[in-house]
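Asker: What follows is a predicted protein model with its sequence.
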Amino acid sequence: MKMQYGFPIIVGLAIFIGLLTAPFAVGTMTKTYKQPELKLPANEKKCIESTEFMRTEHMQLLNEWRDWALRDGKRIYTNHEGKEFVISLQNTCMKCHNNKADFCDKCHDDAGVSPYCWDCHIQPEGLK
Amino acid sequence: MKNNRRTFIKLAGIAAAGLAVAPKAMASSGGHSPVKVNPEAVHAKQWAMVIDTTKVHTEEAIAELSKVCHAIHNVPSIEGKREVKWLWSDEYGHTFPEQENPHLAEEVHHRTYMLLCNHCENPPCVRVCPTKATYKRPDGIVAMDYHRCIGCRYCMAGCPYGSRSFNWGEPRKNLDLSKLNPEFPTRMRGVVEKCNFCVERLAVGKMPACVEASKGAIVFGDLYDPDSEVRKVLREKFTIRRKPSAGTEPCVYYVI
């Protein structure tokens, strides 16, 4: 069976699909996501766990931390190297990462997340 | 053939037994537990408090304790119906409505009484909380997990002592932001809050702040340890509790 208006339909479809996928194609060809410049703690070399783990899993770790501290009443965390940390967002994480704006917020602004933790927890810069 | 069936049944039996124990065996081979209790922490079966009202009974003295408590826990100061309070004071009739009589000793009747969460052994607030945001810890403290509070205020309706306050507005608007305790969080609009018997201090081996500031007028200890400080006082002095008929078994006792 002969296709009615076959040529314009195929061309039209090709152009449509081309436009639809153009942003992805152009995006992957010209840009790769670069993590923003972070201000890392000056006097410390290592985080609680490995940098890769922290980068991808810190929200899960914080979630476990708050349950361990409040629900189970256990406030000492032992990391994979056997080093111990007091479980606390304000008094542990933010003692090393002592500027929320230059650290946490940098990534979060990029990723479009705004954790509500700071409605209650006090950032190291203090409140104004 | 006969033999085969027997081995099959035997193997099936062993496999079934294996299934029953496997989860436990696997869980225990999962390495060390990454969390533990701070070795300095102090422990109890049921924390309890005895307030000697012969020693602390004026509005000013109690306001002093309240200031200490509210400062370390970043409790906002708000006047009127939207007040948020962890430690406060009231007159005899409001404190012990069931123990009123028309000819009470005048001196006792005119004292001001220090009030706080009673950390009941049978807490109605815990029973009614739909999200388990408020819960009883193994050491008896009625704790709050603010992360789970949805602000339904059932706990406030359940508490016979008015120990809970609701944040009608942003508490930070009524706090002096330059004098916050940076080690402790604030709360936010829409959650209920109350005294926590200073869990965060007990976790590092310190006594509650009001006990420390009371110069001996308040004692704190384990209700189930016959040798504890509180049991010693309870044995020697006459004490009463708030609204005993509510059946909540409060753990704050008042020496009269």
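Answerer: Great, that's in hand. Owing to the predicted nature of the structure, the values given are computational and were not obtained by experimental measurement.

Asker: Looking at chain A, which helix is longest?
Answerer: Secondary structure of chain A per DSSP state H: the longest helix is helix A:6-30.

Asker: what helices or strands is that helix leaning on?
Answerer: In this structure, helix A:6-30 makes packing contacts with no helix or strand, judged by 3 or more C-beta pairs under 8 Å, 6 or more residues apart in numbering or on different chains; DSSP states H and E. Heads up, the C-betas are built off the backbone N, CA and C, glycines and all.

Asker: next SSE after it?
Answerer: Later in the chain than helix A:6-30, the nearest helix or strand by DSSP states H and E is helix A:51-66.

Asker: now for the helix or strand just after that following helix, which elements pack on it?
Answerer: Going down the chain from helix A:51-66, the next helix or strand is strand A:76-78, by DSSP H and E. Secondary-structure packing of strand A:76-78 (3+ C-beta pairs under 8 Å, 6+ apart): strand A:84-86, strand B:35-36.

Asker: And the average pLDDT for the next helix-or-strand element following the shortest one is what?
Answerer: This means strand B:35-36. Sequence order places strand B:47-52 as the next helix or strand after strand B:35-36, per DSSP H and E. Mean pLDDT, strand B:47-52: 98.

Asker: so what strands line up beside strand B:47-52?
Answerer: Partner strands for strand B:47-52, per DSSP bridges, with pairing direction: strand B:218-222 (antiparallel), strand B:252-255 (parallel).

Asker: May I see the helices and strands packed on strand A:76-78 organised as TSV, with mean pLDDT added?
Answerer: Shown next, in TSV, are the helices and strands packed on strand A:76-78 (pLDDT from 0 to 100):
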stretch	mean pLDDT
strand A:84-86	96
strand B:35-36	94
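
Asker: among the ones you listed, which is the most enclosed?
Answerer: Sort the helices and strands packed on strand A:76-78 by mean neighbour count, taking mean count of other C-beta atoms under 10 Å in any protein chain shown, and strand B:35-36 sits at the top with a mean of 17.

Asker: chain center to it: distance?
Answerer: 22 Å (C-alpha atoms, centre = their mean, to the nearest Å).

Asker: so, in contact with chain A or not, it?
Answerer: Yes. Between strand B:35-36 and chain A, judged by C-beta under 8 Å from any C-beta of the partner chain, the touching residues are B:35-36.

Asker: Which elements pack onto that strand?
Answerer: When contacts are defined as 3+ C-beta pairs under 8 Å, 6+ apart, strand B:35-36 packs onto strand A:76-78.

Asker: Can you point out the buried residues in the strand it packs on?
Answerer: For strand A:76-78, the neighbour count (16 or more other C-beta atoms under 10 Å in any protein chain shown) marks A:76-77 as buried.

Asker: Could you check how far that strand is from the centre of its chain?
Answerer: 23 Å.

Asker: What is the least confident helix or strand in chain A?
Answerer: When the helices and strands of chain A are scored by mean pLDDT, DSSP states H and E, helix A:6-30 comes last with a mean of 89.

Asker: whoops, I mixed them up, chain B
Answerer: Using mean pLDDT, DSSP H and E, the lowest element in chain B is helix B:2-28, with a mean of 69.

Asker: Which segments of chain A make up each domain?
Answerer: Structural domains annotated on chain A: A:1-30, A:51-119, as defined by automatic domain parsing.

Asker: can you redo the ones you listed as CSV with distance to residue B:95?
Answerer: Output for these, formatted as CSV (distance: least, C-beta to C-beta, whole Å):
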stretch, distance to residue B:95
domain A:1-30, 68
domain A:51-119, 30
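
Asker: quick one, which of the ones you listed is packed in tightest?
Answerer: Each of the domains of chain A was scored by mean neighbour count; the highest is domain A:51-119, a mean of 15, by mean count of other C-beta under 10 Å.

Asker: how long is that domain from one end to the other?
Answerer: This stretch, domain A:51-119, spans 27 Å end to end (C-alpha to C-alpha, to the nearest Å).

Asker: do stretch B:76-88 as well
Answerer: Terminal-residue distance, stretch B:76-88 (C-alpha to C-alpha): 13 Å.

Asker: can you tell me the average pLDDT over that stretch?
Answerer: 96.

Asker: That one and chain A, are they touching?
Answerer: No. Counting by C-beta under 8 Å from any C-beta, chain A is not contacted by stretch B:76-88; separation bottoms out at 12.3 Å.

Asker: Buried residues of that stretch, list them for me.
Answerer: Buried residues in stretch B:76-88 (16+ other C-beta under 10 Å): B:76, B:78, B:84-88.

Asker: Report the two of those separated the most.
Answerer: Longest distance between any two of the buried residues of stretch B:76-88 is 15.0 Å, between B:78 and B:87; criterion C-beta to C-beta.

Asker: thinking again about what came up before, who wins for proximity to residue A:2 among the strands paired with strand B:47-52?
Answerer: strand B:252-255 (92.1 Å).

Asker: While we're on residue 73, how confident is the model there?
Answerer: As the question left the chain open, I've gone with chain A. 95.

Asker: looking at chain B here, not the other one
Answerer: The model's pLDDT for residue B:73 equals 98.
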